[in-house]
Each structure stands twice: as C-alpha cells, then as structure tokens.
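In: Make a model of this:
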Amino acid sequence: MSNNPAILVFDLETTVQRDGRIIDNSPFNPKNKIVSIHWLVIEDGKVGPVQYCILNHNDQANPDSLQPFIADSIRCDVGVAHNAKFDWLYCLEANIPLPSKVWCTMIGEYIFDRAQGKSKSLKNTAERRDVHRKKSDLVDDLFKGGTGFEEMPLETVIEYANADVISCAEIFIDQKLDLAQESNAGLKPVFDLMNEMLLFLVEIERNGIKIDLEVLNAVEAEYLAEKNAIEAELTSIIEEVMGDTPINLNSGADMSKVVYSRYIPDRDYHCSVFNIGSYPSGRKKMPPKMTAGQFSNAVRKSSRVMKKTVAHQCDSCGGTGKIQKFKVDGQPYKNESKCPKCIGNGFIYELTGKTAGLKLSPEKPGDASVNGFKVDKQTINRLLAQAEKKENEQAINFLSKFTRLQAISTYLDSFIKNIQFWTRPDGFLHASFNQCMTKTGRLSSSNPNFQNQPKGNKFPVRKCVVSRFDNVILEADFSGLEFRVAGELSKDKQIIDDIFNGKDVHKQTAAIINQCDVSSVTKEMRQAAKAYTFSPLYGGMGANEPDHIKRYFEEYFTIYKGLKVWHKSLMDGVMQNNIVRTPSGREFYWENPRRMGNGRISNATQVVNYPVQSFATADIVVLSCIRALRGFREQKLKSKLIITVHDSIVVDVFPGEEQTVKKTLASAMREMADEIKKRFNYNMIMPLDIEMTSGKNWMEQVDINVD
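Out: Alright, predicted model coming up:
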C-alpha cells in the first residue's frame with residue numbers, strides 16, 4: 001500500500017423482506033436487491049464529493065451505470081464502510097469488484113471502546129465523535145411503517161444515504177487520527193487483525209452451509225415425540241405432588257411452587273427482602289449477605305408453604321367460569337362475566353393439610369427470583385445433588401426430566417426452527433458471524449446461532465450439516481487452547497509442565513468431578529469436563545456446585561499457584577490504571593473498580609476472564625482463520641471453509657483434497673509463532689496443538705490423524 005492510499009468510502013441501501021417481526025436484509029435472500037450505492041473518494045488528504053448510482057428504485061425505470069463506482073473501486077487501495085461486512089457481501093454477490101483491503105468503522109469503534117459497551121451504530125458513533133450527523137429522521141418512520149428504500153421518495157433515499165457516506169468518511173478520518181496517538185498505538189495490530197478477519201467471514205458466509213432439511217425434519221420429529229413423552233411424565237408427577245392445583249410447565253412461578261413447595265403471597269415484599277431487581281441506572285442489584293439462619297428466616301417471611309388441593313366444580317357457574325349478568329331492565333348483558341366465586345376457573349380449589357411439591361430448599365439469597373426461587377439449569381443441577389443427598393427419588397426423577405425438557409425446547413426453538421427458517425431455497429444456510437457483539441472479541445453468530453450448539457457427536461441437529469460435494473465435513477479444533485493461553489499469559493510453571501509433558505487436563509478434571517479413576521473417563525465425560533477445566537481460568541469459584549466439585553475449585557489454585565498470582569496481578573493492575581492488555585495489544589477498561597472485602601475487586605471475573613478468552617479466541621483463533629483462508633487461496637483449493645465455532649474451523653472438503661486440507665489447517669493453526677511475533681511483537685512459549693475429525697456430516701465424525 002502506498003503512503004497515501006486512495007480510500008473508497010461507500011454505503012449501500014437495499015431492499016428487505018419482512019416475515020412478521022423478522023426483517024431479512026441478507027444478500028442471500030433471492031428477493032433482495034441493491035437499491036442504491038453512494039460513495040466518495042479520499043485521495044491525497046482531500047475528501048471528494050459524494051456520488052451515487054440508483055439501481056433498483058420504483059421511481060426510476062432504468063438503473064444507472066455502475067461503471068463510475070467500479071472505476072473508483074478498482075483504483076482505490078482501501079474500502080471503508082460502517083458495518084462493512086454487509087456492504088462487502090452485497091457487492092461481491094452482485095459481482096461488483098472492491099478494494100483488496102477493508103476498514104470497518106464499526107470495528108474501529110469496537111476496538112476503541114475497550115469493552116465499555118457503548119453503541120457502535122453509525123448514528124451514535126457520529127454523535128459521540130461530533131461529526132456529520134446521520135439523517136435517521138428522514139426514513140425511520142417510513143421504515144418502521146413497512147416502507148422499503150425502493151419505495152421511499154427517491155430524493156429522500158439520496159439525501160439519507162449521502163449523509164451516511166459523509167458521516168462514515170469523517171468517522172474514518174477521526175479514527176485514523178486517534179490511532180496515531182501514542183496512547184492508542186498498541187491497538188493498530190488489532191485493527192489489522194479484525195479487518196482481515198472480516199474478509200474471512202465474508203468468505204464463509206458466501207460459501208454457506210449445505211443443509212439436509214429431510215434429516216433436520218426427522219430430528220425435529222424425534223425431539224417432538226420425546227418432548228411430548230417427557231411432558232406427560234412430568235404432568236403425572238405434578239398431579240401426584242400438587243393435587244389438582246393447575247401448573248404450567250413453562251411458567252417459572254409455577255415451577256418454583258412445584259420444586260420448592262412454597263409460593264409468594266407478596267411479590268414486592270419478596271423482592272425487597274432479597275434485593276431483586278435493578279437500580280435506576282440499570283445496574284443489577286446484588287443479593288443481600290445473610291447467615292444461614294437469616295436466610296432461612298427470610299424465606300419463611302416472604303413465602304408460604306404450598307398445600308395440595310382438591311378441585312370441586314363451581315356451583316355458581318356450573319364449571320364454565322362465566323355467569324350471565326342482567327341490566328336494571330332485566331335484559332342480559334351481551335357478554336358473560338367472569339364468575340367471582342371461582343375467579344373464572346370453573347373450579348374451587350380446596351386446600352388439604354398435605355404439603356405439596358418436591359420439598360426442596362433454596363440454599364442462598366442468590367436463589368431467590370422475582371417469581372419465587374430459581375429453576376434455571378445451573379440451580380437445578382445443584383438441587384439434584386440436594387435431592388440425591390435427601391434420597392428424594394421423586395425429585396431426582398422430576399428434575400432430571402425437567403432438565404432434559406428445557407434442553408429439548410432450546411434445541412427445537414433456537415436451533416431447528418431457526419435453521420429451517422434461514423435455509424434458502426437452494427438448500428444453503430448463510431449464517432451471520434458477528435465481530436462486534438461480545439466484550440472479548442470472540443465471535444457470535446445469528447440467523448441462526450451456530451455458536452452455542454452442544455459439541456461432539458451426540459447432538460443430532462448437527463447431522464443436517466452435509467457436504468455439497470457429497471463428500472466429507474472436516475473439523476479442526478484447537479486442543480486445550482484456553483488452558484494453554486492461561487499458562488502462556490500467567491507463566492504458571494505447573495501448566496507449562498503439564499502441557500509439555502502431554503498431560504490430559506480434561507481427563508484429570510473429568511475423573512475428579514465424576515469421582516472415578518482417570519482410566520474410566522469416557523470421551524463424553526472428558527468433553528463435559530472441559531467447562532470445569534476452563535471455569536477457574538475465567539474466575540469461577542464453584543459457588544453453585546456440589547461439595548465434591550467445590551473442593552475441585554478450592555484445590556485448583558493450590559496446583560496452579562502461578563495462575564493465582566497472575567489473577568491477583570491483573571486485579572491490582574486494574575485498581576491502579578483501569579486497564580488490562582493482551583499480547584495482541586487489545587485493551588479492556590473498567591471504570592471506578594472497587595476493592596471487595598474478600599480481597600478481590602469488582603468485575604473480578606471479567607478482569608481474569610477477558611485476557612484469556614480474548615487472546616485465545618479473538619486473536620489466536622482469528623489469526624488461524626486468516627491463515628487458513630490464505631492457504632486455501634494460495635493452493636487454489638476447491639474445498640470450502642464454512643464455519644468457525646469458538647476454537648475450531650469447519651471445512652466442506654472437495655473430493656481428493658482431504659490430505660491437502662489437513663496439512664493446510666495444521667499449518668495455519670499450529671505453526672503461527674512466527675506470525676504472532678511479526679504482528680504483535682510477542683514470543684509464544686506454549687506450543688499449539690489441534691485435533692481433527694471427519695465424517696459424512698457434522699455429527700457423525702471420527703477422529704483422524706492430523707499429521
């Protein structure tokens with residue numbers, strides 16, 4: 001790139017498709033089109049005039065020529081846009097050439113924000129930086145009312161989009177000046193890294209994921225059958241423990257009554273006792289500190305014991321729940337009224353003297369919720385241990401089935417339905433991968449979410465991801481990356497020794513939490529144990545876990561003493577200068593940190609979590625993706641990079657390219673020490689390693705040799 005590269009600043013307006021509340025603005029929806037392109041060129045420090053071409057607008061019969069935009073695009077070195085991935089995808093899908101480098105001003109704001117959570121929208125960025133304002137008032141009401149850019153008055157579209165280009169150009173110039181300041185100089189490598197990663201995401205989103213909808217529909221049918229069976233079993237248990245009291249399995253308040261055998265007569269009083277809610281600033285209130293006796297007394301004061309009921313048909317309404325009222329002249333009112341005696345239920349519920357529910361006990365103030373007491377997954381796991389200790393077989397059975405029901409509901413709603421909705425008519429799914437959503441730089445995904453699916457070969461939804469080449473899906477996954485990075489950053493001698501000696505720390509963890517010998521640990525147990533290996537690295541203390549797992553957390557830092565010292569140094573550093581930096585130069589900022597009574601600081605979990613998760617998944621994984629794409633292009637591979645999830649890369653392999661893909665991924669993911677040194681001026685001491693699997697779909701995978 002020259003010292004004074006030509007810069008193309010551009011913005012697209014497009015059509016969108018609406019399905020209820022869902023707005024689909026994807027370039028992969030065959031109905032969507034580019035309405036207009038607006039741009040200017042910055043050259044030799046001078047900002048040129050805004051130009052535009054109208055391509056698909058109802059007020060213009062013939063589209064403008066694209067040649068002026070293409071000519072400027074070809075001669076420019078860098079393309080600048082806010083949320084540039086969106087504009088990049090649309091242009092490439094329309095075969096419009098773009099500069100070889102990208103600068104996304106939204107990514108720029110994200111990096112400068114240092115995990116503060118400020119809005120990265122063009123409008124708020126322009127206001128915050130006091131540059132040319134976005135003219136949202138011109139189109140907001142029209143768009144909310146269902147009017148697309150292709151239908152709005154043409155002069156409105158032009159004025160609105162031209163203002164966007166000017167705003168983006170001024171933000172870009174402002175960001176360049178900020179980046180040149182000494183206090184921000186260390187952020188430059190992260191700018192380069194994230195903008196290069198944007199082009200990798202463009203590649204995988206364009207490649208898409210081949211979906212076998214018949215397989216997915218079959219998985220859905222299996223889940224629905226299992227869900228119905230579990231609901232029937234849970235309903236039977238509820239009838240046994242609650243009598244005739246109506247209970248909704250999807251109601252947190254109802255499930256709290258079933259699990260804890262208590263109800264809340266006064267919600268406001270209950271919330272005040274346990275400090276539930278948020279302050280006017282939006283900050284969440286913290287549970288009060290209580291002794292065991294104080295907590296037990298507070299539970300008794302804010303809640304009452306549930307009793308079983310027997311239902312009798314209401315004699316006032318005959319079981320209908322409604323009664324007919326009459327006017328003064330004797331004429332009946334048009335609509336029947338709710339029966340006051342049964343409150344519209346049709347039944348009178350008579351209390352018996354028997355305690356209802358499963359008779360489990362909340363254990364701490366943090367268990368209280370606005371609806372009574374928590375029934376989330378983490379709390380239920382702890383209650384299962386309580387039920388086992390009490391030998392309450394009915395509670396064990398109920399909680400185990402309820403946990404499975406919650407999981408199935410998530411699989412059906414979050415994964416299956418969303419995959420079905422977003423799979424295009426050609427059978428390809430083009431999920432969106434987002435760089436500026438998480439605090440750490442770790443990717444998230446949407447439309448649908450591919451980041452939070454259960455890993456391994458036991459999640460049948462993954463069977464629907466198949467090869468477009470009728471070949472294999474290959475996944476390369478970093479081995480113990482977060483653990484290695486924690487050792488890298490903390491220089492903990494024991495972690496370093498464990499890695500260099502090839503110790504399987506996940507097996508060690510699995511043996512402890514499953515209370516078995518290491519030799520008895522299965523692959524599934526090892527996979528499930530990973531969360532526990534990582535949790536202490538991220539500041540986890542095991543507060544909500546059974547006793548034997550709590551002991552694991554307590555002993556963790558006696559084994560890895562250097563990690564504990566590093567955690568303390570991070571917290572001390574934040575108390576002094578509010579900042580944590582990673583080897584890549586990425587920074588995180590905490591305003592007004594406070595030292596707590598236990599020696600830790602406010603936001604301690606984030607302070608020790610962010611550098612590990614960020615350097616692992618936002619820097620090392622991201623760099624491996626960039627290197628993989630570079631390798632695929634250099635070798636002109638026909639195989640397609642299709643997904644990156646947490647610390648893995650997934651490839652749809654073209655027949656005959658299996659060995660080349662393996663070698664390319666191995667090189668991209670393991671052999672990056674020299675590039676880390678070159679980019680970040682950082683010398684890695686920890687080796688990186690990967691595991692690979694391959695199979696006819698993304699679930700039915702077998703281990704394969706990496707070398």
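
In: From now on I want contacts and neighbour counts done on CA atoms only, so please keep to that.
Out: Noted.

In: Skipping its backbone neighbours, what lies nearest the residue nearest to the spatial centre of the chain in space?
Out: Centroid check for the chain by Cα atoms, centre = their mean gives Ser444 as the closest residue, at 4.9 Å. Computed as Cα to Cα, 6 or more residues apart in numbering, the closest residue to Ser444 that is not its neighbour in sequence is Asn434, at 5.1 Å.

In: Pull the contacting residues for that neighbour.
Out: Contact analysis of Asn434 by Cα atoms under 8 Å, 6 or more residues apart in numbering lists Leu443, Ser444, Ser445, Ser446.

In: per-residue pLDDT, it?
Out: pLDDT for Asn434: 96.

In: Check Ser2 too.
Out: Looking at Ser2, the pLDDT reads 47.

In: thinking again about what came up before, where does the residue nearest to the centre of the chain fall, phi/psi-wise?
Out: Main-chain dihedrals, Ser444, degrees, to the nearest 10: phi -120, psi 170.

In: Return the members of the contacts of Asn434 classed as buried.
Out: Leu443, Ser444, Ser445 (16 or more other Cα atoms under 10 Å).

In: possible to save those as CSV with distance to Ser316 and pLDDT?
Out: CSV is the format used below for the buried ones among the contacts of Asn434 (distance: Cα to Cα, whole Å; pLDDT from 0 to 100):
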residue, distance to Ser316, pLDDT
Leu443, 60, 95
Ser444, 56, 94
Ser445, 55, 94
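
In: Return the member of the residues you listed nearest to Pro63.
Out: Ser445 (34.4 Å; Cα to Cα).

In: My guess is the closest one contacts Ser432. True?
Out: Yes - with contact defined as Cα atoms under 8 Å, Ser445 counts as touching Ser432 (5.5 Å).

In: ok, the closest residue in space to Phe326 that isn't next to it in sequence - how many residues close by?
Out: The spatial neighbour of Phe326 that comes closest, neighbours along the chain excluded (Cα to Cα, 6+ apart), is Pro332 at 4.2 Å. Pro332 has 12 neighbouring residues, counting by other Cα atoms under 10 Å.

In: From Ser694, how far off is Glu700?
Out: The gap separating Glu700 from Ser694 is 8 Å, by Cα to Cα, to the nearest Å.

In: tell me the contacts of Asn329?
Out: In this structure residue 329 is Asp, not Asn. Contacts of Asp329 (Cα under 8 Å, 6+ apart): none.

In: Pretty sure it sits in a strand.
Out: No - using DSSP: H, G, I helix; E, B strand; the rest coil, the secondary structure at Asp329 is coil, not a strand.

In: in the stretch 451-600 of the chain, which spans are strands?
Out: 465-466, 472-478, 579-581, 587-589 (DSSP state E, counting those that start in this stretch).

In: what about this structure, any weak spots by pLDDT?
Out: 1-3, 539, 541-544, 546 (pLDDT under 70).

In: hmm, what's the outermost residue in it?
Out: The centre of the chain is farthest from one residue, Asp329, which by Cα atoms, centre = their mean lies 62.9 Å away.

In: what about the nearest residue to Asn447 once chain neighbours are set aside, how many neighbours?
Out: Of all residues not flanking Asn447 in the chain, Ala431 sits nearest, at 5.3 Å (Cα to Cα, 6+ apart). The tally of other residues near Ala431 (other Cα under 10 Å) stands at 24.

In: Provide a list of residues in contact with Ala431.
Out: By Cα under 8 Å, 6+ apart, the contact set of Ala431 is Glu205, Gly208, Trp422, Ser445, Ser446, Asn447, Pro448, Asn449, Phe450.

In: So what does the fourth one have for phi and psi?
Out: Backbone dihedrals for Ser445, given as degrees, to the nearest 10, come out at phi -140, psi 160.

In: ok, and the closest non-adjacent residue to it?
Out: Nearest non-adjacent residue to Ser445, counting by Cα to Cα, 6+ apart: Phe433, 4.3 Å away.
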